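> test case, fold it:
(chains A and B)
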There are 2 protein chains.
Amino acid sequence: MFDKLAVVGATGAVGTLILRLLQERKVPYKSMKFLASGRSAGKSIMFNGQSIVVDELKPEAFEGIQLVIASTPDDVARDFVPEAVQRGCVVVDESGYWRMNPTVPLVIPEVNAEEIRKHQGIISSPNCSTTQLVVALKPLHDYGKVKRVVVSTYQATSGAGLAGTRDLFNGTKAALANETYQMETFPYPIAFNCIPQIGSEKERGYTSEELKLLYETRKILGDDSILVCPTAVRVPVSNCHSESICVQTEKKISVEKAKELFASMPGVVIMDDLSKKEYPMPWNCHDKDEVYVGRIREDNSAENSLAFWCVSDNLRKGAATNAVQIAEWIQKNL
Amino acid sequence: MFDKLAVVGATGAVGTLILRLLQERKVPYKSMKFLASGRSAGKSIMFNGQSIVVDELKPEAFEGIQLVIASTPDDVARDFVPEAVQRGCVVVDESGYWRMNPTVPLVIPEVNAEEIRKHQGIISSPNCSTTQLVVALKPLHDYGKVKRVVVSTYQATSGAGLAGTRDLFNGTKAALANETYQMETFPYPIAFNCIPQIGSEKERGYTSEELKLLYETRKILGDDSILVCPTAVRVPVSNCHSESICVQTEKKISVEKAKELFASMPGVVIMDDLSKKEYPMPWNCHDKDEVYVGRIREDNSAENSLAFWCVSDNLRKGAATNAVQIAEWIQKNL
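Okay, the predicted model is just below:
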């Protein structure tokens, strides 16, 4: 069961990585189909030694498919996902479109895999910046109940897709050569700059990316009382999001206890020895599946408060890895 | 009075800018002397159309000088400042060495200029990341009393001097060409990376840079009850520090009121219209003397809490401009 697979958005930044992970992790399949927008349809992709032609993303393409992993823009997901579900597919969707729908489980397998059982055809994978935050918060929440989180992000350009990476590298080359460069994706140069806006303006002066850090966190942890003060910032890093996190809990968690809790959490790696300059950075967390935490210290500015630093590969655990893990769970358990 | 001037560290990143500002701002002087370490002594520098030879930094060099503006490493300041004071100089010191000494005023002219009157020969200029934070906090503190600040910094490489800038630009060129580059100053590559350590390890898992954000803030605002949770991070930006700030006050400050308070604060510029993508960034705040604030919004995760984003040129207001402003104040008022 669930071995007739399709990958939607197979040629994008996340899609490409999904294909790599399906091969590396030896995800079983009887048939494999790649779908993409008209622009990419017709291309051939090598997969497990076979050349597979990318089909155009059309409702009929889902006939006979059982399990879909999709990474597309929100408006694309809005349109094609119901078509796939109507044809009997279970869709693991990377887009933001379905995440907050009450009928759709929003899942990080290490955190709330059992939610997958409630699906009605769609399972959403969270936003990249939320995923690493929630993986790190989960053991603290289970032990001490998270009350309030202040999080400031340092987000990589790969989160804005292949065009984001081009804007960073080509924009940086141009800046170093004192030449101008026309941004494809970002509203301002990202080379040697920080842009304090990710996503569009939403309520109360917050951006869509920032509100995801609030609402998705609550949904995944199943606790609407959690308070979050989010600030999402794009930095000139090509891959891996970093987060400065300050978390207040109902029950006090000492630094030692926090390390014990992180150590017992699947998918979390502690990298924390300031005296040896050991801490996670995009530079040493790139191309890894785990969520890395370091700089764990007591925050003496509030009761029962901890501060720490968290880095994860936004294309892997923040996107492709999490989606493939959900697909694997479905294959094993449903 | 105070018109026999000397600049110590005249050839460094900040020193070079101090010379530029002395000329641009037409700071009056009868005599001007440049001092630097043995390495730089003997160099000639053009200043107001005159070529001035850099003298070696020795105690005797301060004979006959009245006002010194100095930007040197801490250990250099430890040694030479008392020698200058002993010879009758008033020293405006950029280094970290004297800042927390109870006999030394720590001054941002817009915030606490009157403290200068208490000097005993030394006036310290605060750390770059503290200065912009405190300039922004000051009007909020005066109106609503700041209780707690959570601040995460995005600090430019120019804060680590000329070698920091070389590490960024040469390291980035090497990274783009897939070549290796030996860092001069940073412990890890800074190109396309974030390093969550600035300064050395100090107490309770915090770095020296982070503790400056606590202790210097308290000293300048004259309020030891202010609580700060600081995280200081180096980002691949060449110039201008950015800060994500979340501040809780005793009295509620609405977003409208905060804008009114910021608008009335000398040295603060509001750049805040998310719908028009208006906010401060290193890219648009470079080479400006002001402290820029934007993304001002209510933080609904705590009572009486505001979140905002703050950018300032760390070499200017964070260092050279502030020191020159102190010197100007001394010339006018003492």
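
> OK, contacts around the closest residue to A:Lys257 other than its chain neighbours?
The spatial neighbour of A:Lys257 that comes closest, neighbours along the chain excluded (C-beta to C-beta, 6 or more residues apart in numbering or on different chains), is A:Tyr143 at 7.4 Å. Every C-beta, even on glycine, is put in place using the N, C-alpha and C of the backbone. Counting by C-beta atoms under 8 Å, 6 or more residues apart in numbering or on different chains, A:Tyr143 touches A:249, A:251, A:253, A:257, A:261.

> would you mind measuring from A:Gly144 to chain B?
Distance of A:Gly144 to chain B, given as C-beta to the nearest C-beta, to the nearest Å: 17 Å.

> hang on, that residue packs against A:Ile253?
Yes. A:Gly144 is within contact range of A:Ile253, at 4.6 Å (criterion: C-beta atoms under 8 Å).

> out of these two, which sits in the busier spot?
A:Ile253 (25 against 20; other C-beta atoms under 10 Å in any protein chain shown).

> residues in contact with the residue lying closest to A:Pro105 once chain neighbours are set aside?
Ranked by C-beta to C-beta, 6+ apart and with sequence neighbours excluded, the top spatial neighbour of A:Pro105 is A:Glu115, at 3.9 Å. A:Glu115 is in contact with A:105-107, counting by C-beta under 8 Å, 6+ apart.

> I'd assumed A:Glu115 was in a helix, is it?
Yes. Under DSSP: H, G, I helix; E, B strand; the rest coil, A:Glu115 falls within a helix.

> still on that earlier bit, got a winner among the contacts of A:Glu115 for most neighbours?
Of all the contacts of A:Glu115, A:Val107 has the most neighbours under the rule other C-beta under 10 Å, reaching 27 neighbours.

> how about it, phi and psi?
Backbone torsions of A:Val107, given as degrees, to the nearest 10, read phi -130, psi 130.

> between A:Gly144 and A:Ile253, which contacts overlap?
Shared contacts of A:Gly144 and A:Ile253, defined by C-beta under 8 Å, 6+ apart, are found at A:Asn304.

> got the CA coordinates for the strand or helix carrying the residue nearest to A:Lys257 in CSV?
Assigned by DSSP states H and E, A:Tyr143 belongs to helix A:128-144. Below are the C-alpha coordinates for helix A:128-144, written out as CSV (Å, rounded to 0.1, in the frame of the first residue of the first chain):
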residue,chain,number,x,y,z
CYS,A,128,10.6,25.8,7.8
SER,A,129,11.1,28.3,10.6
THR,A,130,8.3,26.8,12.7
THR,A,131,9.6,23.2,12.3
GLN,A,132,12.9,23.7,14.0
LEU,A,133,11.4,25.9,16.7
VAL,A,134,8.8,23.3,17.6
VAL,A,135,11.2,20.4,17.5
ALA,A,136,13.3,22.3,20.0
LEU,A,137,10.4,23.4,22.2
LYS,A,138,8.6,20.0,22.3
PRO,A,139,10.7,18.4,25.1
LEU,A,140,10.7,21.6,27.1
HIS,A,141,6.9,21.9,26.7
ASP,A,142,6.3,18.3,27.7
TYR,A,143,8.4,18.7,30.9
GLY,A,144,7.7,22.3,31.9
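
> average pLDDT for that helix?
Computed over helix A:128-144, the mean pLDDT rounds to 98.

> please identify the buried residues of it?
A:128-141, A:143-144 (16 or more other C-beta atoms under 10 Å in any protein chain shown).

> next SSE downstream of it?
Criterion used, DSSP H and E; the element after helix A:128-144 is strand A:146-154.

> what's the first helix or strand after that next one?
helix A:161-176.

> helices and strands around that following helix, which ones?
helix A:13-24, helix B:161-176 (3 or more C-beta pairs under 8 Å, 6 or more residues apart in numbering or on different chains; DSSP states H and E).

> tell me which parts of the stretch 1-150 of chain A are close to chain B?
By C-beta under 8 Å from any C-beta of the partner chain, the part of the stretch 1-150 of chain A that sits against chain B consists of A:148-150.

> can I get the residues you listed in JSON lines with pLDDT and neighbour count?
Formatted as JSON lines, the residues of the stretch 1-150 of chain A next to chain B follow (pLDDT from 0 to 100; neighbours: other C-beta atoms under 10 Å in any protein chain shown):
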{"residue": "A:Arg148", "pLDDT": "98", "neighbour count": "20"}
{"residue": "A:Val149", "pLDDT": "98", "neighbour count": "26"}
{"residue": "A:Val150", "pLDDT": "98", "neighbour count": "29"}
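
> JSON lines for those residues, including distance to B:Leu22?
Formatted as JSON lines, those follow (distance: C-beta to C-beta, whole Å):
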{"residue": "A:Arg148", "distance to B:Leu22": "47"}
{"residue": "A:Val149", "distance to B:Leu22": "46"}
{"residue": "A:Val150", "distance to B:Leu22": "41"}
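
> residues contacting the residue in the stretch 1-150 of chain A positioned nearest to chain B?
Closest contact between the stretch 1-150 of chain A and chain B, by C-beta to the nearest C-beta, is at A:Val150 (4.7 Å). By C-beta under 8 Å, 6+ apart, the contact set of A:Val150 is A:228-229, A:245-247, B:150, B:229, B:246, B:301.

> ok, back up a step: okay if I get the helices and strands packed on helix A:161-176 as JSON lines plus mean pLDDT, mean neighbour count and distance to A:Gly222?
Shown next, in JSON lines, are those (pLDDT from 0 to 100; neighbours: other C-beta atoms under 10 Å in any protein chain shown; distance: least, C-beta to C-beta, whole Å):
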{"stretch": "helix A:13-24", "mean pLDDT": "96", "mean neighbour count": "20", "distance to A:Gly222": "26"}
{"stretch": "helix B:161-176", "mean pLDDT": "97", "mean neighbour count": "19", "distance to A:Gly222": "42"}
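
> nearest to A:Asn284, of those?
The closest of those to A:Asn284 is helix B:161-176. By C-beta to C-beta, the value is 14.6 Å.

> just the angle for that closest one relative to helix B:13-24, thanks.
Interaxial angle of helix B:161-176 relative to helix B:13-24 (axes from the mean of the first three to the mean of the last three C-alpha atoms, to 10 degrees): 120 degrees.

> now do stretch A:249-264: everything it contacts.
A:136, A:139-147, A:268, A:270, A:272, A:293, A:296-298, A:303-306, A:308, B:205.

> wait, A:Ala156 sits on A:Asn314?
Yes. Under the criterion of C-beta under 8 Å, A:Ala156 makes contact with A:Asn314 at 5.8 Å.

> shared neighbours of these two, which are they?
A:239-241.
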